[in-house]
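K.L.:
Show me how the following folds:
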Amino acid sequence: MGLDLESVSEATSGAIGSLLSTTILYPLDTCKTKYQADVRAHGQQKYRNLFDVLREAVSTHQVLSLYQGLGTKNLQSFIAQFVYFYGYSYFKRLYLERSGAKRIGTKANLVLAAAAGACTAIVTQPLDTASSRMQTSAFGKSKGLWKTLTEGTWSDAFDGLGISLLLTSNPAIQYTVFDQLKQRLLKRKQDEAGNGLSSESLSAFSAFLLGAISKSIATCLTYPAIRCKVMIQAVDSNDDGTKKDRRKSHKTVPGVLYAIWRSEGIAGYFKGLDAQILKTVLSSALLLMIKEKISATTWVLILATRSSKRKLN
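P.N.:
Numbering: from 1, shown residues only. Down below sits the predicted model:
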């Protein structure tokens, strides 16, 4: 079918938006991940809240270590968002062409978004695992990407893949809610204009607001699985042998669920939910805001490049 330029435009703008939002909010992401990975032992836990992580970094003069693993995270985010937005846009166009429908319903949108998310999880899982391990290692002691990836077996690089596939429901819910809200908002603007004409893109504020709402809904619905994933992936190579063995024994979802229940109770399944919402809502809202603002420019550049190639030929 050839290269889908519109999908490339969507993927490029989404990847750039992800790169910028990830970089801006990375210290918050590191604090959130370390807090989520902390499990109560013997009635005590290292971090009582998100700000305890920040205080530790400041008190140990390791503030810059809040950026450990940033390069890996940016690489993972860029590839993940490019693959996701390309697949999501491509699957939507293919569905409309094959079905003959004028618009995509909620159920179909969820399926298409989940399919794009599954492709993304498989492609980027090793980078996602490495990033989590780098973030949860002791401040100032994070290892490089290659060493982190080659420490264990090849299967270790795909720790959490099963739950990552389960969590494809998160972006599926998020982007479905976002698309539905976006369509309704643009339709209302079109109706208010009364001339049948309306802007095809949202304002920066509207995109930010809809992105925040959609991500909040998706995060609340899937959070227990999100925390399980972080705990499965977070193996601190600087821990002592006993702690490392304990963590390695919890490499399955049932094992992690039992460990949380035993040490923290039901509330443990939602530990860090506020931090997760704060970080992911800001990140996703920024991503979608940036994407909406640069997608038109990206599309124009792609068309100009194609036109130039045709003239040269």
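K.L.:
all contacts plus neighbour counts: C-alpha atoms, from now on.
P.N.:
Noted.
K.L.:
Next, work out how far apart residue 264 and residue 223 are.
P.N.:
According to C-alpha to C-alpha, to the nearest Å, residue 264 and residue 223 sit 16 Å apart.
K.L.:
neighbour-wise, which of the two wins?
P.N.:
Each of residue 264 and residue 223 has its neighbours counted (other C-alpha atoms under 10 Å); residue 223 has more, 20 against 17.
K.L.:
Tell me, what's the model's pLDDT at residue 27?
P.N.:
If you check residue 27, the pLDDT there is 90.
K.L.:
could you list every residue that touches the closest residue in space to it that isn't next to it in sequence?
P.N.:
Spatial nearest neighbour of residue 27, chain neighbours left out: residue 66 (4.9 Å); criterion: C-alpha to C-alpha, 6 or more residues apart in numbering. Each residue near residue 66 by C-alpha atoms under 8 Å, 6 or more residues apart in numbering is listed here: 26, 27, 30, 31, 57, 135, 139.
K.L.:
which residues sit in contact with the first one?
P.N.:
When contacts are counted by C-alpha under 8 Å, 6+ apart, residue 26 touches 66, 67, 70.
K.L.:
Now pLDDT and secondary structure too, for the residues you listed, in TSV please.
P.N.:
Below are those laid out as TSV (pLDDT from 0 to 100; DSSP: H, G, I helix; E, B strand; the rest coil):
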residue	pLDDT	secondary structure
66	90	helix
67	89	helix
70	89	helix
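K.L.:
isn't residue 287 right next to residue 24, touching?
P.N.:
No. In this structure residue 287 lies outside contact range of residue 24 using C-alpha atoms under 8 Å: 10.7 Å.
K.L.:
which neighbours do those two share?
P.N.:
Common neighbours of residue 287 and residue 24, counting by C-alpha under 8 Å, 6+ apart, are absent.
K.L.:
Please say which of those two ends up with more neighbours.
P.N.:
residue 287 (26 against 14).
K.L.:
Okay, that one and residue 150: tell me how far apart.
P.N.:
Distance from residue 287 to residue 150, by C-alpha to C-alpha: 31 Å.
K.L.:
Residue 263 now?
P.N.:
31 Å.
K.L.:
These two: which is more packed in?
P.N.:
residue 263 (16 against 12).
K.L.:
Report the rounded mean pLDDT for the helix or strand containing the more buried one.
P.N.:
Residue 263 belongs to helix 253-264 when assigned by DSSP states H and E. The pLDDT scores in helix 253-264 average 82.
K.L.:
CA atoms only: put that helix into CSV for me.
P.N.:
Presented in CSV, the C-alpha positions along helix 253-264 are these (Å, rounded to 0.1, in the frame of the first residue of the first chain):
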residue,chain,number,x,y,z
VAL,A,253,1.9,-10.4,38.3
PRO,A,254,0.4,-12.8,40.9
GLY,A,255,3.7,-12.7,42.9
VAL,A,256,3.7,-8.9,42.9
LEU,A,257,0.0,-8.7,43.8
TYR,A,258,0.5,-11.0,46.7
ALA,A,259,3.6,-9.1,47.9
ILE,A,260,1.6,-5.8,47.9
TRP,A,261,-1.3,-7.4,49.6
ARG,A,262,0.8,-8.9,52.3
SER,A,263,2.9,-5.8,53.1
GLU,A,264,0.5,-3.0,52.3
